[in-house]
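Undergrad: Let's see this in three dimensions:
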Amino acid sequence: MQIKLINTSLIVVPEGYVTVRHRKNTCEAIRITGVMAPVFVKQEGERYYVLVDGYERLMCAKELGWQEVPAVVVESSTPLLSFALNYVRGQYSGVDVLTFVWQFLQQYDRSTVAKILGRSYDTIRKYQDAYERMLALNLSKDDWQRLRTDGIGVKKLIQCAFDSHDREEFISCIYGEKRRPKGKTITPETIRKAIALEKNEELKSAVDIVETFGPQNAQKAVELYMLLQKELCPKLKDVMHCLPSITYNILAQYCGHE
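TA: Numbering: from 1, shown residues only. Okay, the predicted model is just below:
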């Protein structure tokens, strides 16, 4: 399936076309993100195209002053919604997936979209909620384009959308950038501790583990370590005959047994 840019003046809305209510939030989302799901058209002669689907998106593009819109040329017999959503399946960019699903949801009901995409109803709702949270974070058009170009996946976008309260937190979550703490006073003593930390390789490694796996997972790992040290290690030799040798050797090394 290929997308081509077609001049809006060459797309004709046929008589009897059933239009949907022109929703301003769709136009605003397209304006903010600069991303629009393709319209679907049929070739009409050598020059013009007849609109098959995407009236609302086409009207938004015209309102926003776009001279061209992304479009897919289809045959008249094409089962349109299936075709459109199969196109979404092929997107490598999470931004495109969330954007296109959200825009299709402005026209089709969630159950239909979920069925054709092969996703659960709750998953499609999560896509919709995540996209709307991203819109509320006031990302710039450059931010949206960067996310598309970098091919950030859907799972990462959803996670960061729900974990972030503002644009800075979101970008930090996506790219792992460290942010300056807001509203906190950094004392000389704190700086001295930070310098000492940089010199302590063991503590630096511990901090890296916490940042990699998250505070909660790191805490659970510590609790598991303490439990094993307390309950398993003292009894390891007593149960060694029940364990495969490779498992025993790993546990013995872990518990500090020779």
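
Undergrad: Which parts of this structure are helices?
TA: With DSSP state H as the criterion, the chain has helices at 24-33, 55-63, 80-89, 94-105, 110-117, 121-136, 141-149, 154-163, 167-175, 188-199, 201-213, 215-227, 236-239, 245-255.

Undergrad: same for the last one, what does it pack against?
TA: Which is helix 245-255. Applying 3 or more C-beta pairs under 8 Å, 6 or more residues apart in numbering; DSSP states H and E, one finds that helix 245-255 contacts helix 236-239. (Glycine included, C-beta is placed from N, CA and C.)

Undergrad: who does the helix it packs on touch, helix- and strand-wise?
TA: Partner elements for helix 236-239 (3+ C-beta pairs under 8 Å, 6+ apart): helix 245-255.

Undergrad: how far is the helix it packs on from where the chain is centred?
TA: 40 Å (C-alpha atoms, centre = their mean, to the nearest Å).

Undergrad: Mind checking the helices of the chain for the one nearest to residue 40?
TA: Closest of these to residue 40 is helix 80-89, at 6.0 Å (criterion: C-beta to C-beta).

Undergrad: any low-confidence regions in the stretch 151-258 of the chain?
TA: Counting by pLDDT under 70, the stretch 151-258 of the chain has low-confidence residues at 177-186, 191, 197-198, 204, 207-214, 258.

Undergrad: ok, back up a step: as CSV, the helices of the chain with mean neighbour count and distance to residue 7 would be great.
TA: CSV is the format used below for these (neighbours: other C-beta atoms under 10 Å; distance: least, C-beta to C-beta, whole Å):
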stretch, mean neighbour count, distance to residue 7
helix 24-33, 17, 17
helix 55-63, 19, 11
helix 80-89, 17, 21
helix 94-105, 23, 21
helix 110-117, 17, 29
helix 121-136, 18, 28
helix 141-149, 16, 22
helix 154-163, 17, 32
helix 167-175, 17, 34
helix 188-199, 10, 58
helix 201-213, 12, 49
helix 215-227, 11, 52
helix 236-239, 12, 75
helix 245-255, 13, 66
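
Undergrad: So for residue 70, which of these sits nearest?
TA: Among the helices of the chain, helix 55-63 sits nearest to residue 70 (C-beta to C-beta), with 9.2 Å.

Undergrad: how about the closest one as CSV, C-alpha atoms only?
TA: C-alpha atoms of helix 55-63 as CSV (Å, rounded to 0.1, in the frame of the first residue of the first chain):
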residue,chain,number,x,y,z
TYR,A,55,-14.0,13.7,4.3
GLU,A,56,-13.5,15.1,7.7
ARG,A,57,-9.7,14.9,7.4
LEU,A,58,-9.8,16.5,4.0
MET,A,59,-11.9,19.3,5.3
CYS,A,60,-9.5,19.8,8.2
ALA,A,61,-6.6,19.9,5.7
LYS,A,62,-8.3,22.6,3.7
GLU,A,63,-9.1,24.6,6.8
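
Undergrad: Now that we have the helices of the chain, can you turn them into TSV and tack on distance to residue 42?
TA: Shown next, in TSV, are the helices of the chain (distance: least, C-beta to C-beta, whole Å):
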stretch	distance to residue 42
helix 24-33	23
helix 55-63	14
helix 80-89	11
helix 94-105	19
helix 110-117	21
helix 121-136	28
helix 141-149	28
helix 154-163	31
helix 167-175	39
helix 188-199	64
helix 201-213	52
helix 215-227	53
helix 236-239	73
helix 245-255	65
